[in-house]
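> what's the 3D shape of this:
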Amino acid sequence: MSERAEMKGPVTRRRRTTITGSGPVKQANGSKSHDAEEKPPQSPGAEAKTDDVSRHPSNGKPDREMGVSGQQPPHSPSRKHMSVVEEFNERLSCHVLQESLLSSASGYSNYRGILNWCVVMLDPYSWPAACLIIGSNVFILATLYTERRLAVGTISPRTGGILHIFNLTSILIFPAATVLTLTSMTPVGGILSLGAYSILFLKLYSYQDTNRWCRQIREMKAKRLTRSYSCPSVAQSNGSAVQSHVSYPGNLTHRDMYYFVFAPTLCYQLNFPRSRRIRIRFLMRRLFEMLFFMQLLVGLIQQWMVPTIQNSMKPFQEMDFSRMVERLLKLAVPNHLIWLIFFYWFFHSCLNFVAELLQFGDRQFYKDWWNSETVTYFWSNWNIPVYKWCLRHFYKPMLRKGVNKFLARTAVFLMSAFFHEYLVSIPLKMFRPWAFIGMMAQVPLAWFVGRFLNGNYGNAAVWISLIIGQPVAVLMYVHDYYVIHYGSTT
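Numbers count the residues shown, from 1 in each chain. All right, here's what the predicted structure looks like:
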């Protein structure tokens, strides 16, 4: 045998052991083997392809001779040994480095089951107030998409105005009709849901009003919008960080809309003042105050105010004026104390808690109303969010149209009287004008105190109106509610 044959011998034997076919196998000294020996060398890719073909022959039968290819049979002793080792390793170590599913670092996002749980729990008949509040998102998105169409000119300003009027009117009518028709709606749930919709009405009115001003400025060929045109820029205090300013129509986003919906303000602007960070200690103090004063309010109402009201029903039914006055004065103390606690709980604890979470920089939710020497000063300083809204979107626009100040101020009290009556009569499902009359009585009272009483006398008159006026309205509503719902059984 020649030297060439000796060199090619091992290769021929390797091909005989790995290549299988459907026809008869030729021997190494046959013509077929000789032809294979004379083929030029193949590239690495071709060799890999040849190996793949050899491992998966055309007849679909697995290769039984795995020694050359490097793979072991599935039942070989070494594979069995490896499976046993892996099984013991699984028994010995059950912990790996991983994040909790609810952690933001886990990247988990499948909460379909939680959504189904919410749907099951929020049965519209068991939780009507919660379902009604969740449904308010329809009106929020309707306002946003209408403003987007107005920004790009898809709809005319007249059409957009009609859509906004229809949407804002529906915000007041839809929850009122729902509260009146649902028998499962309690008075407390009705007050909460109507209060949420009233706040949403004021917010969305401010939103569409502010964006309309921005469109007017754009139509006046404003070259650059580097700040909010809804209110002047102010110096940011408390270490406020520099935020990137948004210009119209870049503010028409879901993020911007829902930030405004949850922000503790009723007046919209494109760029709110923002605080630098969330102060955890401040946040925890406000949270503790919220929980503590909530329990205190519930306890005082149940243990002090409700028994006093129940004892006042008989004198009102018998029209015994002397005992009515005595019961009224007896109710004035707990009612006034509860009102003061509620003021601190809502305007200081709750609003500051929300503002801190959202890093909302404007924390002036009230001023020194306790020093009020006139009724007008009190109503201008005890509820700053509502006062800003009335001044910006109702009072000043009326003055710009030529309405005198007295009529404009009376119109503000008229609108406030409507919302007070709206929030009381509809949840109680009885229409009594006591809240409306009480608010409109503030107009002559403000004129009288401002004209004839000054200094401490004016401040005393404001306090007396708060201490006596509220219990009168409470007793009138409770008396009428008692007569309507329980009078026939007594």
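> from the contact counts, what lies against whichever strand or helix holds residue 485?
Assigned by DSSP states H and E, residue 485 belongs to helix 455-486. When contacts are defined as 3 or more C-beta pairs under 8 Å, 6 or more residues apart in numbering; DSSP states H and E, helix 455-486 packs onto helix 306-311, helix 313-318, helix 321-343, helix 375-381, helix 405-428, helix 434-440, helix 442-452. Every C-beta, even on glycine, is put in place using the N, C-alpha and C of the backbone.
> so for it, mean pLDDT?
Across helix 455-486, pLDDT averages out at 83.
> just want the angle from it to helix 321-343.
Computed with axes from the mean of the first three to the mean of the last three C-alpha atoms, to 10 degrees, the direction of helix 455-486 lies at 110 degrees from that of helix 321-343.
> pull out the buried residues from helix 455-486.
Residues of helix 455-486 classed as buried: 458-459, 461-462, 465-466, 469-471, 473-482 (neighbour count, 16 or more other C-beta atoms under 10 Å).
> from the middle of its chain, how far away would the strand or helix carrying residue 291 be?
In the assignment (DSSP H and E), residue 291 maps to helix 280-300. Centre-to-centre, helix 280-300 and its host chain are 21 Å apart (C-alpha atoms, centre = their mean, to the nearest Å).
> need the contact partners of it.
Contacting residues not belonging to helix 280-300 are listed as 334, 337-338, 341-342, 344-345, 348-350, 352-353, 356-357 [C-beta atoms under 8 Å, 6 or more residues apart in numbering].
> can you check stretch 398-405 too?
407, 408, 411.
> and for the residue nearest to the second one when sequence neighbours are not counted, the neighbour number?
What it means is residue 408. Closest residue to residue 408 apart from its sequence neighbours, by C-beta to C-beta, 6 or more residues apart in numbering: residue 398 at 4.3 Å. Residue 398: 16 surrounding residues under other C-beta atoms under 10 Å.
> what of residue 303?
That count, for residue 303 with other C-beta under 10 Å as the rule, works out to 10.
> do the same with residue 425
Counted with other C-beta under 10 Å, residue 425 comes out at 19.
> assess the claim that it and residue 437 are in contact.
No - here residue 425 lies out of contact with residue 437, judged by C-beta atoms under 8 Å, at a distance of 12.0 Å.
> about what we covered before: find me the pLDDT at the residue nearest to residue 408, would you?
What the model reports as pLDDT for residue 398 is 93.
> for it, phi and psi?
Per-residue torsions, residue 398: phi -70, psi -40 (degrees, to the nearest 10).
> of all the contacts of helix 280-300, which comes closest to residue 327?
Set against residue 327, the nearest of these by C-beta to C-beta is residue 334 (11.9 Å).
> tell me where the stretch 51-200 of the chain is predicted with low confidence.
Scanning the stretch 51-200 of the chain with the threshold set as pLDDT under 70 gives 51-82, 88-91, 104, 115, 118-126.
> now do the helix holding residue 485 against helix 405-428, angle only.
Going by the same axes, to 10 degrees, helix 455-486 makes 30 degrees with helix 405-428.
> and residue 426, how many neighbours?
Neighbours of residue 426 (other C-beta under 10 Å): 22.
> which residues touch the spatially closest residue to residue 468 that is not a sequence neighbour?
Take residue 468 and drop its neighbours on the chain: the residue closest to it by C-beta to C-beta, 6+ apart is residue 332, 6.1 Å away. By C-beta under 8 Å, 6+ apart, the residues touching residue 332 are 467, 468, 470, 471.
> rebuild those residues as TSV, extending it with distance to residue 323.
Formatted as TSV, the contacts of residue 332 follow (distance: C-beta to C-beta, whole Å):
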residue	distance to residue 323
467	19
468	17
470	20
471	15
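> which of these lies closest to residue 306?
Within the contacts of residue 332, the smallest distance to residue 306 is 13.7 Å, found for residue 471 (C-beta to C-beta).
> picking that back up, tell me the confidence at the residue nearest to residue 468?
You'll see residue 332 listed with a pLDDT of 84.
> send the alpha carbons of stretch 180-194 over as CSV?
The C-alpha atoms that make up stretch 180-194 are tabulated as CSV, following Å, rounded to 0.1, in the frame of the first residue of the first chain:
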residue,chain,number,x,y,z
LEU,A,180,-81.5,59.9,43.0
THR,A,181,-82.4,56.6,41.2
LEU,A,182,-80.2,54.1,43.1
THR,A,183,-81.8,52.9,46.3
SER,A,184,-78.5,51.4,47.4
MET,A,185,-76.8,54.8,47.5
THR,A,186,-76.4,56.0,51.1
PRO,A,187,-76.4,59.8,52.0
VAL,A,188,-72.7,59.6,52.9
GLY,A,189,-71.9,57.9,49.6
GLY,A,190,-74.0,60.4,47.7
ILE,A,191,-72.2,63.4,49.4
LEU,A,192,-68.8,61.9,48.6
SER,A,193,-69.6,61.1,44.9
LEU,A,194,-71.3,64.5,44.3
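> check the offset of that stretch from the chain's centre.
Stretch 180-194 sits 21 Å away from the centroid of its parent chain (C-alpha atoms, centre = their mean).
> just stretch 132-148 next, same as before
Distance, centroid of stretch 132-148 to centroid of chain: 12 Å (C-alpha atoms, centre = their mean).
> contact partners of it?
Under C-beta under 8 Å, 6+ apart, the answer for stretch 132-148 is 122, 155, 160, 163-164, 167, 170-171, 175, 178-179, 192-193, 196-197, 200, 204, 207-208, 211, 249, 252, 254, 257-258, 261.
> hmm, back to that, quick one: buried ones out of the contacts of stretch 398-405?
Counted by 16+ other C-beta under 10 Å, the contacts of stretch 398-405 give residue 408 as buried.
> closest one of the contacts of stretch 398-405 to residue 188?
Of these, the one sitting nearest to residue 188 (C-beta to C-beta) turns out to be residue 411, at 31.0 Å.
> let me know the secondary structure of residue 249.
With DSSP: H, G, I helix; E, B strand; the rest coil as the basis, residue 249 sits in coil.
> how about it, what does it touch?
So residue 249 contacts 147, 148, 151, 152, 211, 214 (C-beta under 8 Å, 6+ apart).
> most neighbours of all the residues you listed, which one?
Among the contacts of residue 249, the one with the most neighbours (other C-beta under 10 Å) is residue 211, at 27 neighbours.
> and it, what pLDDT?
94.
> for it, phi and psi?
Note on residue 211: its backbone torsions stand at phi -70, psi -30 [degrees, to the nearest 10].
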